[in-house]
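1. using only what follows, build the 3D model:
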Amino acid sequence: MDPHLLRTFLAVADTGSFSAAAHRLQYTQSAVSQHIASLEADLGTPLFTRRPVAPTPAGERLRRHAALILVRLEAARADVTRALAPPGRLVLGLTPLAWSAPVAAALATIRAESALLRTHVQVAARDKIVEAVATGEHDLGLVDGFTAPNDPLRLPDPGAGGPRAIGVTQSPAVAAVPKSHPLAGRREVDLRDLADAYWIDAPEIAPFTRLPADGLRASLRYDGGDAAVLAGLVAAGHGLAVLPAPLVAAHDGLAGVPLARLVHRVELLFLRDDDGPAARLRELLSAAT
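-> Just a heads-up that it's a prediction; the model follows:
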């Protein structure tokens, strides 16, 4: 099966529309229709119902395989590219709240050890970091989230051969509130007791929808990736957010209310045990835990 046809197939399956898939892929709608027709002819079965557009049972089966096939193809491409690239390259992907003093210190150490090291740090959402490490686009990934103490993060599964994860840092999770808020100064609060509060939904930084509590409601959505902007919105009274305690402590306008049975955790993602800058950075971060 042609990978280009599989990408078109997944775009139609994800969007539920030939026209929306064409817009996402920057194809014409007729090109998308031709791709799906070619794939159906190759497999000898319809993959979509047309009104409405939805995967058939055969289409659902193909959908389970197509994403993994494309991930493995990208991983193979990245692995070959890495073998041909000159030594001294490190691409690190991280989520906005994954950056910390231990990470900064480890990166400074490895760059001091190799003056010729070409380092690229890219900030992205958690799911994108997981996929980029799985395909080899990133050498390492640092992702964060909120979980019960000593529990691993629940990360998307890119399929067999996906990245492995090790814990790097863990710090208290707090409900960030303005210093004038009635909750400021409380010793601890249960997240479930804040169901009536208004929250800021920041899906690129700290999505409240991933928190272990039902009934939370957003009063404002922030689609950026700057933690300082999110902290400023909380300080100005636009809503609450769950954040790492060190971040809140560093902001003059915020108070942090410790949350029961919840911590902020950062994990390091890697695909293989190899030599070079990625292995050295992994060694330094493991030693810092």
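
2. report the rounded mean pLDDT for the longest helix seen in the chain.
-> For the chain, the helix with the greatest residue count under DSSP state H is helix 57-84. Across helix 57-84, pLDDT averages out at 78.

3. who are the packing partners of it?
-> Applying 3 or more C-beta pairs under 8 Å, 6 or more residues apart in numbering; DSSP states H and E, we find helix 57-84 packed against helix 3-15, helix 126-135. Every C-beta, even on glycine, is put in place using the N, C-alpha and C of the backbone.

4. which residues touch the helix or strand just after the last one?
-> Using DSSP states H and E, the helix or strand that follows helix 126-135 in sequence is strand 140-147. Applying C-beta atoms under 8 Å, 6 or more residues apart in numbering, the external contacts of strand 140-147 come out as 90-95, 97-99, 103, 126, 129-130, 132-133, 153-155, 163, 165, 168, 173, 206, 210-212, 242, 244, 262-270, 278, 281-282.

5. now which of these would you call buried?
-> Buried by 16 or more other C-beta atoms under 10 Å: 90-95, 97-99, 103, 126, 129-130, 132-133, 153, 155, 163, 165, 168, 173, 206, 211, 242, 244, 262-270, 278, 281-282, out of these.

6. now, the residues you listed that are in strands?
-> 90-94, 165, 168, 173, 242, 244, 262-270 (DSSP state E).

7. quick one on the thing from earlier: for the helices and strands packed on helix 57-84, give me JSON lines that also has mean pLDDT.
-> Shown next, in JSON lines, are those (pLDDT from 0 to 100):
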{"stretch": "helix 3-15", "mean pLDDT": "91"}
{"stretch": "helix 126-135", "mean pLDDT": "90"}
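
8. and A66, which of these is closest to it?
-> Closest approach to A66 among the helices and strands packed on helix 57-84 (C-beta to C-beta): helix 3-15, 4.6 Å.

9. show me what the helix or strand following the closest one is packed against.
-> Where DSSP H and E defines the elements, the next helix or strand beyond helix 3-15 is helix 18-25. Applying 3+ C-beta pairs under 8 Å, 6+ apart, we find helix 18-25 packed against helix 3-15, helix 29-43.

10. helix 18-25 to helix 3-15, inter-axis angle?
-> Orientation of helix 18-25 against helix 3-15 (axes from the mean of the first three to the mean of the last three C-alpha atoms, to 10 degrees) gives an angle of 120 degrees.

11. list the buried ones in helix 18-25?
-> F18, A20, A21, A22, R24, L25.

12. what of stretch 225-243?
-> Within stretch 225-243, the residues scored as buried using 16+ other C-beta under 10 Å are 225, 227, 230-231, 233-235, 238-243.

13. contact partners for L191?
-> Taking C-beta under 8 Å, 6+ apart, one finds A175, L211, P212, A213, V242, L259, A260, L262 in contact with L191.

14. is it correct that the second one is in contact with L243?
-> No. Between L211 and L243 there is no contact under C-beta atoms under 8 Å: 11.5 Å.

15. before we move on, the earlier item: and the two most separated of the buried residues of stretch 225-243?
-> The span of those, defined through C-beta to C-beta, is set by G225 and L240 at 19.3 Å.

16. now do the helices in the stretch 101-250 of the chain.
-> Counting by DSSP state H, counting those that start in this stretch, one finds helices in the stretch 101-250 of the chain at the ranges 101-113, 126-135, 227-235, 245-249.

17. residues in contact with the second one?
-> Where contact means C-beta under 8 Å, 6+ apart, the residues beyond helix 126-135 that reach it are 71, 74-75, 77-78, 93-95, 122, 124, 138-145, 155-156, 158-159, 161-163, 269-271.

18. what of the third one?
-> By C-beta under 8 Å, 6+ apart, the surrounding residues in contact with helix 227-235 are 96-97, 176-179, 200, 202, 205-206, 220, 222, 224, 239-241, 243, 247-248, 251, 253-254.

19. avg pLDDT for that helix?
-> pLDDT averaged over helix 227-235 gives 95.

20. again, but for the shortest one
-> In this model, helix 245-249 has a mean pLDDT of 94.

21. packing partners of it?
-> For helix 245-249, the packing partners by 3+ C-beta pairs under 8 Å, 6+ apart are strand 164-178, helix 227-235, strand 254-270.

22. how about a cut-off of 7 Å?
-> Helix 245-249 is packed against strand 164-178, strand 254-270, with contacts defined by 3 or more C-beta pairs under 7 Å, 6 or more residues apart in numbering; DSSP states H and E.
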